[in-house]
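Undergrad: Compute the structure for the input listed below.
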Amino acid sequence: MNNNDTTGFLGWDIGGAHLKVAYCDNSGQITQVIQLPCALWQGIHELHTAMQQALTLLNCRHAQHAITMTGELVDAFENREQGVAEILSCVADILPEAALHIFAGQRGWLKPQQAKQAWRDVASMNWQASALFVATQCSQGLFLDIGSTTCDIIPFIDGQIQPHGLDDHNRQKSGELVYTGAIRTPLFAISHHAPLNGELVPLTAEWFASSGDVWCILEQVSATEIQDSSADGQPWQNRHCQQRLARMLATDAEEATDAQWRIVADWFAEQQLQQITQACLQVLSRHSAINKGAPLIGAGVGRFIIKAIAERLNRPYVDFSALCQNRDDAAAHAPATALALLAQQQLS
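TA: This is a model prediction of the structure:
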(Lines give C-alpha, C1' and ligand atoms only; values in the text may rest on other atoms or scores of the structure.)
Protein backbone atom coordinates (compact mmCIF):
# COMPACT_ATOMS: atom_id res chain seq x y z
CA MET A 1 0.00 0.00 0.00
CA ASN A 2 1.40 3.35 -0.93
CA ASN A 3 -1.56 5.70 -0.77
CA ASN A 4 -1.79 7.84 2.35
CA ASP A 5 -5.50 8.34 1.63
CA THR A 6 -6.21 4.60 1.75
CA THR A 7 -9.39 3.84 3.67
CA GLY A 8 -10.39 0.42 4.94
CA PHE A 9 -10.00 -1.17 8.36
CA LEU A 10 -7.02 -1.94 10.58
CA GLY A 11 -7.30 -4.53 13.33
CA TRP A 12 -4.78 -3.89 16.14
CA ASP A 13 -4.05 -6.68 18.64
CA ILE A 14 -1.84 -5.18 21.36
CA GLY A 15 -0.07 -7.91 23.30
CA GLY A 16 2.52 -7.89 26.02
CA ALA A 17 5.30 -9.12 23.72
CA HIS A 18 4.06 -8.38 20.19
CA LEU A 19 1.90 -5.97 18.25
CA LYS A 20 -0.16 -7.63 15.51
CA VAL A 21 -1.94 -5.57 12.85
CA ALA A 22 -4.14 -6.65 9.93
CA TYR A 23 -5.56 -4.51 7.14
CA CYS A 24 -8.65 -5.22 5.07
CA ASP A 25 -10.07 -2.96 2.39
CA ASN A 26 -13.66 -1.75 2.20
CA SER A 27 -14.71 -4.95 0.42
CA GLY A 28 -13.33 -7.15 3.20
CA GLN A 29 -10.20 -8.26 1.34
CA ILE A 30 -7.24 -8.89 3.66
CA THR A 31 -4.17 -7.40 2.00
CA GLN A 32 -1.56 -7.21 4.77
CA VAL A 33 -0.88 -8.75 8.19
CA ILE A 34 2.20 -7.88 10.24
CA GLN A 35 3.70 -8.64 13.62
CA LEU A 36 6.22 -6.42 15.39
CA PRO A 37 8.12 -6.95 18.65
CA CYS A 38 6.61 -4.88 21.46
CA ALA A 39 8.15 -5.56 24.87
CA LEU A 40 5.40 -3.74 26.69
CA TRP A 41 6.65 -4.88 30.11
CA GLN A 42 9.53 -2.44 29.56
CA GLY A 43 7.13 0.50 29.42
CA ILE A 44 4.40 2.15 27.36
CA HIS A 45 7.02 3.75 25.10
CA GLU A 46 7.49 0.31 23.52
CA LEU A 47 3.90 0.40 22.27
CA HIS A 48 4.29 3.95 20.97
CA THR A 49 7.35 2.93 18.96
CA ALA A 50 5.77 -0.27 17.61
CA MET A 51 2.59 1.53 16.54
CA GLN A 52 4.56 4.19 14.67
CA GLN A 53 6.53 1.44 12.93
CA ALA A 54 3.30 -0.32 11.97
CA LEU A 55 1.81 2.85 10.51
CA THR A 56 4.96 3.40 8.45
CA LEU A 57 4.83 -0.16 7.10
CA LEU A 58 1.09 -0.15 6.41
CA ASN A 59 0.71 3.51 5.41
CA CYS A 60 -2.99 3.50 6.36
CA ARG A 61 -3.46 6.43 8.69
CA HIS A 62 -6.84 7.19 7.11
CA ALA A 63 -8.32 3.77 7.83
CA GLN A 64 -10.77 2.99 10.62
CA HIS A 65 -8.92 1.48 13.58
CA ALA A 66 -10.28 -1.44 15.62
CA ILE A 67 -8.39 -2.09 18.86
CA THR A 68 -8.11 -5.10 21.15
CA MET A 69 -5.48 -6.00 23.74
CA THR A 70 -3.94 -8.42 26.21
CA GLY A 71 -1.00 -6.16 27.07
CA GLU A 72 -2.74 -4.74 30.13
CA LEU A 73 -1.49 -7.83 32.00
CA VAL A 74 2.19 -6.91 31.91
CA ASP A 75 3.89 -5.95 35.16
CA ALA A 76 4.74 -2.45 33.93
CA PHE A 77 1.22 -1.58 35.08
CA GLU A 78 0.01 -1.61 38.67
CA ASN A 79 -3.13 -3.51 37.67
CA ARG A 80 -5.26 -4.33 34.64
CA GLU A 81 -7.40 -1.20 34.93
CA GLN A 82 -4.32 1.01 34.76
CA GLY A 83 -2.98 -1.10 31.89
CA VAL A 84 -6.13 -0.62 29.81
CA ALA A 85 -6.14 3.12 30.51
CA GLU A 86 -2.48 3.64 29.59
CA ILE A 87 -2.73 1.56 26.42
CA LEU A 88 -5.83 3.46 25.30
CA SER A 89 -4.18 6.80 26.05
CA CYS A 90 -1.18 5.78 23.96
CA VAL A 91 -3.43 4.66 21.11
CA ALA A 92 -5.40 7.94 21.24
CA ASP A 93 -2.16 9.92 21.07
CA ILE A 94 -1.23 8.24 17.79
CA LEU A 95 -4.54 7.57 16.00
CA PRO A 96 -7.45 9.97 15.37
CA GLU A 97 -10.18 9.48 17.97
CA ALA A 98 -12.96 9.71 15.38
CA ALA A 99 -11.55 6.61 13.67
CA LEU A 100 -10.98 4.63 16.91
CA HIS A 101 -13.21 1.68 17.82
CA ILE A 102 -12.35 -0.29 20.96
CA PHE A 103 -13.49 -3.91 20.90
CA ALA A 104 -15.51 -4.89 23.98
CA GLY A 105 -16.42 -8.44 23.03
CA GLN A 106 -20.10 -9.19 22.70
CA ARG A 107 -20.86 -5.72 24.08
CA GLY A 108 -19.65 -4.27 20.78
CA TRP A 109 -17.54 -1.20 20.04
CA LEU A 110 -16.64 1.62 22.43
CA LYS A 111 -14.86 4.93 22.21
CA PRO A 112 -11.62 5.26 24.26
CA GLN A 113 -13.17 7.13 27.19
CA GLN A 114 -16.07 4.67 27.38
CA ALA A 115 -13.58 1.81 27.20
CA LYS A 116 -11.55 3.18 30.12
CA GLN A 117 -14.69 3.15 32.25
CA ALA A 118 -15.74 -0.30 31.03
CA TRP A 119 -12.20 -1.69 31.19
CA ARG A 120 -13.36 -5.16 32.28
CA ASP A 121 -15.18 -5.51 28.95
CA VAL A 122 -12.02 -4.54 27.07
CA ALA A 123 -9.20 -6.30 28.93
CA SER A 124 -7.94 -9.46 27.19
CA MET A 125 -10.89 -9.79 24.83
CA ASN A 126 -8.89 -10.50 21.68
CA TRP A 127 -9.96 -14.17 21.78
CA GLN A 128 -13.59 -13.10 21.39
CA ALA A 129 -12.84 -11.34 18.10
CA SER A 130 -11.44 -14.54 16.62
CA ALA A 131 -14.13 -16.78 18.09
CA LEU A 132 -17.00 -14.53 17.00
CA PHE A 133 -15.64 -14.45 13.48
CA VAL A 134 -15.21 -18.23 13.36
CA ALA A 135 -18.79 -18.71 14.61
CA THR A 136 -20.03 -16.74 11.59
CA GLN A 137 -18.26 -19.23 9.31
CA CYS A 138 -18.98 -22.60 10.99
CA SER A 139 -21.96 -23.93 12.92
CA GLN A 140 -20.22 -25.78 15.77
CA GLY A 141 -16.87 -26.99 17.03
CA LEU A 142 -13.90 -25.88 19.09
CA PHE A 143 -11.83 -22.87 18.10
CA LEU A 144 -8.22 -23.01 19.31
CA ASP A 145 -5.60 -20.30 19.00
CA ILE A 146 -2.10 -21.23 20.15
CA GLY A 147 0.19 -18.23 20.11
CA SER A 148 3.66 -17.69 21.47
CA THR A 149 2.46 -17.63 25.08
CA THR A 150 -1.11 -18.93 25.53
CA CYS A 151 -3.76 -21.23 24.14
CA ASP A 152 -7.44 -20.26 23.82
CA ILE A 153 -10.10 -22.98 23.54
CA ILE A 154 -13.54 -21.61 22.68
CA PRO A 155 -16.62 -23.80 22.04
CA PHE A 156 -19.31 -22.63 19.65
CA ILE A 157 -22.72 -24.14 18.87
CA ASP A 158 -25.32 -23.09 16.30
CA GLY A 159 -23.11 -20.22 15.21
CA GLN A 160 -22.87 -18.81 18.75
CA ILE A 161 -19.80 -18.85 20.98
CA GLN A 162 -20.34 -20.54 24.34
CA PRO A 163 -17.55 -19.35 26.67
CA HIS A 164 -17.86 -20.43 30.29
CA GLY A 165 -15.74 -17.51 31.51
CA LEU A 166 -15.07 -14.06 30.11
CA ASP A 167 -12.09 -12.81 32.12
CA ASP A 168 -8.76 -14.62 32.19
CA HIS A 169 -9.17 -15.82 35.79
CA ASN A 170 -12.39 -17.68 35.06
CA ARG A 171 -11.19 -18.81 31.65
CA GLN A 172 -8.16 -20.44 33.25
CA LYS A 173 -10.39 -22.29 35.71
CA SER A 174 -12.69 -23.47 32.93
CA GLY A 175 -9.87 -24.81 30.74
CA GLU A 176 -10.66 -22.25 28.03
CA LEU A 177 -7.35 -20.44 28.62
CA VAL A 178 -4.19 -22.51 29.01
CA TYR A 179 -0.99 -20.64 29.72
CA THR A 180 1.17 -22.58 27.31
CA GLY A 181 2.37 -21.48 23.90
CA ALA A 182 4.65 -22.40 21.02
CA ILE A 183 7.54 -20.02 21.77
CA ARG A 184 7.73 -18.35 25.18
CA THR A 185 6.61 -21.02 27.68
CA PRO A 186 9.38 -21.96 30.16
CA LEU A 187 10.01 -25.70 29.96
CA PHE A 188 9.58 -26.23 33.69
CA ALA A 189 5.95 -25.15 33.18
CA ILE A 190 5.54 -28.10 30.79
CA SER A 191 7.33 -30.88 32.73
CA HIS A 192 9.41 -31.31 35.87
CA HIS A 193 11.77 -33.89 34.38
CA ALA A 194 12.94 -35.24 31.03
CA PRO A 195 14.64 -38.43 29.82
CA LEU A 196 18.32 -38.66 28.91
CA ASN A 197 20.38 -41.85 28.60
CA GLY A 198 17.49 -43.91 29.92
CA GLU A 199 17.02 -41.91 33.12
CA LEU A 200 14.45 -39.28 34.07
CA VAL A 201 16.41 -36.19 35.02
CA PRO A 202 14.77 -33.57 37.30
CA LEU A 203 14.81 -30.17 35.64
CA THR A 204 16.57 -27.11 36.95
CA ALA A 205 14.01 -24.55 38.15
CA GLU A 206 15.42 -21.82 35.94
CA TRP A 207 14.27 -20.18 32.71
CA PHE A 208 17.08 -21.77 30.72
CA ALA A 209 14.91 -22.86 27.78
CA SER A 210 11.43 -22.41 26.37
CA SER A 211 8.93 -24.16 24.12
CA GLY A 212 10.43 -22.36 21.11
CA ASP A 213 13.61 -24.42 21.56
CA VAL A 214 11.56 -27.62 21.45
CA TRP A 215 9.62 -26.76 18.31
CA CYS A 216 12.71 -25.41 16.53
CA ILE A 217 14.57 -28.67 17.17
CA LEU A 218 11.52 -30.57 15.88
CA GLU A 219 11.44 -28.29 12.81
CA GLN A 220 7.87 -27.14 13.41
CA VAL A 221 8.93 -23.52 13.88
CA SER A 222 11.57 -21.77 11.81
CA ALA A 223 14.29 -19.83 13.61
CA THR A 224 13.78 -16.95 11.19
CA GLU A 225 10.09 -16.65 12.13
CA ILE A 226 10.65 -16.00 15.84
CA GLN A 227 10.79 -12.38 16.99
CA ASP A 228 11.18 -13.19 20.69
CA SER A 229 14.52 -13.37 22.44
CA SER A 230 15.60 -16.79 23.60
CA ALA A 231 16.27 -17.50 27.27
CA ASP A 232 20.00 -16.76 26.91
CA GLY A 233 19.70 -14.19 24.14
CA GLN A 234 21.41 -16.47 21.61
CA PRO A 235 19.85 -17.28 18.21
CA TRP A 236 17.25 -19.98 17.60
CA GLN A 237 19.50 -22.23 15.52
CA ASN A 238 19.61 -25.90 16.45
CA ARG A 239 22.91 -25.94 18.35
CA HIS A 240 21.79 -23.07 20.58
CA CYS A 241 18.43 -24.72 21.21
CA GLN A 242 20.19 -27.95 22.20
CA GLN A 243 22.46 -26.11 24.62
CA ARG A 244 19.49 -24.42 26.26
CA LEU A 245 17.75 -27.79 26.64
CA ALA A 246 20.96 -29.21 28.10
CA ARG A 247 21.05 -26.51 30.78
CA MET A 248 17.59 -27.62 31.90
CA LEU A 249 19.13 -31.04 32.57
CA ALA A 250 22.23 -29.52 34.23
CA THR A 251 24.57 -30.62 31.45
CA ASP A 252 25.95 -29.48 28.09
CA ALA A 253 24.81 -30.18 24.54
CA GLU A 254 28.08 -31.97 23.77
CA GLU A 255 27.27 -34.63 26.36
CA ALA A 256 24.56 -36.16 24.10
CA THR A 257 23.95 -36.70 20.39
CA ASP A 258 21.62 -34.79 18.08
CA ALA A 259 19.29 -37.80 18.13
CA GLN A 260 19.20 -37.78 21.94
CA TRP A 261 18.37 -34.06 22.09
CA ARG A 262 15.60 -34.64 19.59
CA ILE A 263 14.15 -37.25 21.95
CA VAL A 264 14.30 -34.70 24.77
CA ALA A 265 12.43 -32.26 22.53
CA ASP A 266 9.91 -34.99 21.67
CA TRP A 267 9.31 -35.48 25.39
CA PHE A 268 8.47 -31.83 26.01
CA ALA A 269 6.33 -31.71 22.87
CA GLU A 270 4.34 -34.70 24.11
CA GLN A 271 3.83 -33.13 27.54
CA GLN A 272 2.57 -29.90 25.98
CA LEU A 273 0.27 -31.79 23.61
CA GLN A 274 -1.19 -33.65 26.59
CA GLN A 275 -1.80 -30.41 28.51
CA ILE A 276 -3.78 -28.92 25.66
CA THR A 277 -5.60 -32.15 24.79
CA GLN A 278 -6.75 -32.50 28.40
CA ALA A 279 -8.00 -28.90 28.37
CA CYS A 280 -9.94 -29.62 25.15
CA LEU A 281 -11.57 -32.60 26.81
CA GLN A 282 -12.40 -30.50 29.87
CA VAL A 283 -14.14 -27.94 27.65
CA LEU A 284 -15.90 -30.61 25.59
CA SER A 285 -17.18 -32.25 28.80
CA ARG A 286 -19.24 -29.10 29.38
CA HIS A 287 -20.69 -29.10 25.85
CA SER A 288 -22.03 -32.52 24.93
CA ALA A 289 -24.14 -30.86 22.20
CA ILE A 290 -21.00 -30.49 20.09
CA ASN A 291 -21.19 -33.56 17.89
CA LYS A 292 -18.30 -35.92 17.25
CA GLY A 293 -17.88 -34.73 13.68
CA ALA A 294 -17.51 -31.07 14.63
CA PRO A 295 -14.02 -29.75 13.82
CA LEU A 296 -11.17 -28.19 15.70
CA ILE A 297 -10.42 -24.88 14.02
CA GLY A 298 -6.81 -23.86 14.49
CA ALA A 299 -5.15 -20.45 14.56
CA GLY A 300 -1.90 -18.99 15.84
CA VAL A 301 1.77 -19.67 15.27
CA GLY A 302 1.30 -22.98 17.11
CA ARG A 303 -1.60 -24.28 15.07
CA PHE A 304 0.46 -27.30 14.00
CA ILE A 305 -0.15 -28.46 17.59
CA ILE A 306 -3.90 -28.12 17.09
CA LYS A 307 -3.78 -30.27 13.98
CA ALA A 308 -2.05 -33.01 15.98
CA ILE A 309 -4.66 -32.75 18.75
CA ALA A 310 -7.50 -33.02 16.23
CA GLU A 311 -6.00 -36.31 15.06
CA ARG A 312 -5.82 -37.56 18.66
CA LEU A 313 -9.45 -36.63 19.25
CA ASN A 314 -10.47 -38.15 15.90
CA ARG A 315 -11.99 -34.86 14.77
CA PRO A 316 -11.65 -32.92 11.52
CA TYR A 317 -9.14 -30.08 11.46
CA VAL A 318 -9.88 -26.76 9.75
CA ASP A 319 -7.14 -24.17 9.47
CA PHE A 320 -8.18 -20.58 10.20
CA SER A 321 -6.56 -19.59 6.92
CA ALA A 322 -9.35 -21.45 5.07
CA LEU A 323 -11.77 -18.88 6.52
CA CYS A 324 -9.50 -15.93 5.65
CA GLN A 325 -8.69 -16.07 1.96
CA ASN A 326 -6.13 -18.86 2.53
CA ARG A 327 -3.60 -16.49 4.08
CA ASP A 328 -1.15 -18.13 6.50
CA ASP A 329 -0.30 -14.76 8.05
CA ALA A 330 -4.00 -14.20 8.77
CA ALA A 331 -4.15 -17.55 10.55
CA ALA A 332 -0.97 -16.85 12.52
CA HIS A 333 -2.41 -13.57 13.85
CA ALA A 334 -6.10 -14.41 14.01
CA PRO A 335 -7.37 -11.77 16.50
CA ALA A 336 -6.00 -8.86 14.44
CA THR A 337 -7.37 -10.39 11.24
CA ALA A 338 -10.77 -11.18 12.75
CA LEU A 339 -10.99 -7.70 14.25
CA ALA A 340 -10.37 -6.03 10.89
CA LEU A 341 -12.99 -8.23 9.22
CA LEU A 342 -15.57 -7.71 11.99
CA ALA A 343 -15.02 -3.96 11.81
CA GLN A 344 -15.54 -4.02 8.06
CA GLN A 345 -18.77 -5.98 8.50
CA GLN A 346 -20.15 -4.02 11.45
CA LEU A 347 -18.80 -0.46 11.07
CA SER A 348 -19.10 0.11 7.32
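Undergrad: Strands along this structure, start to end?
TA: For the chain, the strands defined by DSSP state E occupy 9-14, 18-24, 30-37, 64-69, 100-103, 109-110, 141-146, 151-157, 160-161, 177-178, 193-196, 199-202, 296-299, 317-319.
Undergrad: Make CSV out of these and add mean pLDDT.
TA: Below are the strands of the chain laid out as CSV (pLDDT from 0 to 100):
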stretch, mean pLDDT
strand 9-14, 97
strand 18-24, 96
strand 30-37, 95
strand 64-69, 97
strand 100-103, 98
strand 109-110, 97
strand 141-146, 98
strand 151-157, 97
strand 160-161, 96
strand 177-178, 98
strand 193-196, 98
strand 199-202, 98
strand 296-299, 98
strand 317-319, 98
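Undergrad: and of those, who's closest to P235?
TA: strand 30-37 (15.1 Å; CB to CB). Bear in mind the C-beta positions are built from the backbone N, C-alpha and C, glycine included.
Undergrad: just to revisit the earlier point, can you say which of the strands of the chain is nearest to T257?
TA: Using CB to CB, the strands of the chain put strand 193-196 closest to T257, at 10.7 Å.
Undergrad: And for that closest one, what's in contact with it?
TA: Contact with strand 193-196 is made by 200-203, 248-249, 251, 256, 260, 263-264, 267-268, as judged by CB atoms under 8 Å, 6 or more residues apart in numbering.
Undergrad: Quick one, which of those residues are buried?
TA: Among the contacts of strand 193-196, those classed as buried by 16 or more other CB atoms under 10 Å are L203, M248, L249, A256, V264, W267, F268.
Undergrad: Now do the helices in this protein.
TA: Under the criterion DSSP state H, helices of the chain are mapped to 45-58, 80-94, 112-117, 126-137, 168-174, 211-217, 238-248, 258-284, 303-312, 328-332, 334-347.
Undergrad: Generate a markdown table for those, with mean pLDDT and distance to C151 as supplementary columns.
TA: As requested, the helices of the chain are exported to a markdown table (pLDDT from 0 to 100; distance: least, CB to CB, whole Å):
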| stretch | mean pLDDT | distance to C151 |
| --- | --- | --- |
| helix 45-58 | 95 | 24 |
| helix 80-94 | 97 | 20 |
| helix 112-117 | 96 | 26 |
| helix 126-137 | 96 | 10 |
| helix 168-174 | 94 | 11 |
| helix 211-217 | 98 | 11 |
| helix 238-248 | 98 | 21 |
| helix 258-284 | 98 | 6 |
| helix 303-312 | 98 | 8 |
| helix 328-332 | 95 | 14 |
| helix 334-347 | 96 | 12 |
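Undergrad: Including distance to F103, could those helices go into CSV?
TA: Formatted as CSV, the helices of the chain follow (distance: least, CB to CB, whole Å):
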stretch, distance to F103
helix 45-58, 16
helix 80-94, 12
helix 112-117, 9
helix 126-137, 6
helix 168-174, 16
helix 211-217, 28
helix 238-248, 36
helix 258-284, 23
helix 303-312, 22
helix 328-332, 17
helix 334-347, 6
